[in-house]
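1. Structure of the sequence below:
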Amino acid sequence: MTNFLITKSKSKYFKNLGFLILMLVFSAAVNAQTTVSGTVSDGTGPIPGVNIIAKGSNISTVSNFDGTYTIKVPTNSILTFSFIGYKTKQLPVNNQTKIDVVLEEDANDLKEVVVVGYGSIKRADLTGAVSSVGSAAISQSVATTIDQVLQGRAAGVNIQQNNGAPGSSSSVRIRGISSITGSNEPIYVIDGVVIDGSTGSNFSPLAGINPADIVSVDVLKDASATAIYGSRAANGVIMITTKTGKKGDLTLNFDSYVGWQEIPKYLQVLNLREYGTLKNTRSDLGIVQRDNNFIRPDLLGDGTDWQKELFTTAMMQSYNLSASGGSDNTTYAVGVGYLDQDGIAIGSSFNRFNLRAVVDSQVKSFLKLGVNMAMNKTNQVTTFNDDSLILTALKQTPNVAARNA
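-> Numbering: from 1, shown residues only. The predicted structure follows:
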């Protein structure tokens, strides 16, 4: 009887001990942690500043400048990767120690990021009025200068070309006229460099900038812009961001177009027969002396149409070649462009040659060096000023020959 009790007691003891060991093993399995590392990119280069969070916990980290990250989480965790302008992605750890992630761009979120002054800000947190034009809209336009890119694409911005000469300037008015005696032109900030927007009747300081190099254009409309750039921004600020390099293999891009321009409609003017009849009528009324050249106007031809003599079908061509890429520490972007535009008025033309290079290098963890170089050469030929030539052509009589007999 005694032996039986001892055996039963030992059995109960080992049973409790086994249960305790099983609980410890289960607890260790549940609380087992692993260190996960990897790189976050968008397919073309790393994305710094991405938030990585273990779902349902307060464990988190942020990707560094190279897009790499390291985080220690339970083996059964789900990692959430999120960044402004990209779609949030969730991936289970499943005992993995290396997880590389490629985030997809979210077009809706990208519209919510606006570059202002010295940095960027969410549109929801922005109190000033801003209009933005992205690279998609720019690539769809056939624009010679930056002001033509904005034409009809930014609310509250009125753009009127000063004359029809190729490469000529435009008057930009943001929310109307703000000064009677002073300039009403906004200032332009290109990659942080301020350029005065004042233009002449023909010359434009912006004509040397290639629209193909632009990523986005943001228009700051209200008085808050003066807090950043001072009184010179009283007429508004047009901020232009140009293309930079991204980590990845060498990428070449070439685009070109060829087109023709022509005047859509000629103004109705008198031909030689109609002009001779008018001359005779005026002489019958005693207004002018009779001209013997118009005794029989019905025998005359059409005479000279000075509009058709002045205006012609003009050719326009553009070519752009760019290369970009980079490594973990250095990125580069190089571009060259050529534009040749003939004017519809015979003799007028505009051509531009652009060369641009951007190099950024992370020399040390605390030191970053960069070079942003842009060079352009423009040549503008004008045959008229303030539309005087066109006005003269309209006023010229049809009985004057355009060429020697």
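
2. So Gly248 sits against Gly45, correct?
-> Yes: using Cβ atoms under 8 Å, Gly248 makes contact with Gly45 at a distance of 5.4 Å. For the C-beta atoms, the positions are set from N, CA and C on the backbone; glycine is no exception.

3. which regions of this structure sit below the pLDDT cut-off?
-> Low-confidence segments of the chain, defined by pLDDT under 70, are located at 1-31, 107-129, 179-182, 198-205, 223-225, 384-387, 405.

4. Name the residues contacting each of Gly248 and Gly45.
-> Counting by Cβ atoms under 8 Å, 6 or more residues apart in numbering, the shared contacts of Gly248 and Gly45 are Gly326.

5. In the stretch 51-200 of the chain, what residue spans correspond to strands?
-> Using DSSP state E, counting those that start in this stretch, the strands of the stretch 51-200 of the chain run over 51-54, 60-62, 68-74, 78-82, 89-92, 101-102, 113-116, 119-122, 130-134, 157-161, 170-174, 187-190, 193-195.

6. Make CSV from those strands and add mean neighbour count and distance to Met239 to it.
-> Output for the strands of the stretch 51-200 of the chain, formatted as CSV (neighbours: other Cβ atoms under 10 Å; distance: least, Cβ to Cβ, whole Å):
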stretch, mean neighbour count, distance to Met239
strand 51-54, 20, 27
strand 60-62, 15, 27
strand 68-74, 17, 31
strand 78-82, 19, 27
strand 89-92, 14, 31
strand 101-102, 16, 30
strand 113-116, 17, 6
strand 119-122, 11, 11
strand 130-134, 19, 9
strand 157-161, 15, 13
strand 170-174, 20, 12
strand 187-190, 21, 5
strand 193-195, 13, 10
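
7. list the helices and strands the helix or strand harbouring Lys308 packs on?
-> In this structure, Lys308 is located in helix 306-310 according to DSSP states H and E. Contacts defined by 3 or more Cβ pairs under 8 Å, 6 or more residues apart in numbering; DSSP states H and E place helix 306-310 against helix 388-395.

8. and the helix it packs on, what does it pack onto?
-> Taking 3+ Cβ pairs under 8 Å, 6+ apart as the contact cut, helix 388-395 packs with helix 306-310.

9. Can you give the contact residues for the helix it packs on?
-> Under the contact criterion Cβ under 8 Å, 6+ apart, helix 306-310 has outside partners 263, 266-267, 269, 345-346, 389-390, 393-394, 396, 398, 402.

10. The residues you listed: which two are farthest apart?
-> The distance between the two most remote of those (Cβ to Cβ) is 19.3 Å, for Ala345 and Pro398.

11. Now for the residue nearest in space to the middle of the chain: which residues touch it?
-> Nearest residue to the geometric centre of the chain (Cα atoms, centre = their mean): Ser216, 2.7 Å. Contacts were defined as Cβ under 8 Å, 6+ apart; by that measure Ser216 touches Val115, Ser132, Val133, Gly134, Ser135, Ile240, Thr241.

12. so which of the residues you listed comes closest to Phe366?
-> Of these, the one sitting nearest to Phe366 (Cβ to Cβ) turns out to be Val115, at 24.8 Å.

13. related to what we said a few turns ago, so the residue nearest to the centre of the chain: helix, strand or coil?
-> For Ser216, the assignment made with DSSP: H, G, I helix; E, B strand; the rest coil gives strand.

14. pretty sure Tyr338 is in contact with Leu355, am I right?
-> No: counting by Cβ under 8 Å, Leu355 is not a contact partner of Tyr338; they are 10.1 Å apart.

15. returning to what we had before: quick check: which helices or strands does whatever helix or strand comes next after the helix holding Lys308 pack against?
-> Under the assignment DSSP H and E, the closest C-terminal helix or strand after helix 306-310 is strand 314-326. Judged by 3+ Cβ pairs under 8 Å, 6+ apart, strand 314-326 is in contact with strand 248-261, strand 330-342.

16. What are the buried residues along the longest one?
-> By that I understand strand 248-261. Gly248, Gln261 (16 or more other Cβ atoms under 10 Å).
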